[in-house]
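Engineer: Fold the stuff below for me.
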Amino acid sequence: MANSWILGASLFGMKISLAGRPATRPARKSKAQLKVEGRALDYHFTSDPFEAVKDADIVYTDVWTSMGQEDEEAQRVSDLKPYAVDGENSLLRRSPMRCSCTASGARRRGSGAGCAR
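Structural biologist: Here you go, the predicted structure:
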């Protein structure tokens, strides 16, 4: 999802900040595609979710565990808990609008914050 948001944001002149574990950094191919197409490299990636939502107009989150990855759910929940947009982090208090791709089960929501400014 992050790579799609980066490419889509560049089409509409949006600045986007993404938060996630360092291992989830956006793919290099997205950066290369932006360069080839002459589009701005106007995105920011951080492992600090509070930095990502600072000054955000929208906070978007995706599922933590996709269909077919149920056996990885416990590890993903543990790894991604700091990036939850609800509960203890209260990332939503920093943004007036939230978009979320939801799945069954609250623990499967909120894998990271993608913020459009």
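Engineer: Is residue 5 in contact with residue 60, as I believe?
Structural biologist: Yes: counting by C-beta atoms under 8 Å, residue 5 touches residue 60, with 7.3 Å between them. No exception for glycine: its C-beta is placed from N, CA and C like everyone else's.
Engineer: Can you name the element that comes right after the helix or strand hosting residue 4?
Structural biologist: Assigning secondary structure by DSSP states H and E places residue 4 in helix 2-11. Next in sequence after helix 2-11, counting helices and strands by DSSP H and E, comes strand 16-19.
Engineer: Check which helices and strands that next one is in contact with.
Structural biologist: helix 2-11, strand 43-46, helix 49-53, strand 114-116 (3 or more C-beta pairs under 8 Å, 6 or more residues apart in numbering; DSSP states H and E).
Engineer: by contact count, what packs against the helix holding residue 4?
Structural biologist: strand 16-19, helix 28-36, strand 43-46, strand 114-116.
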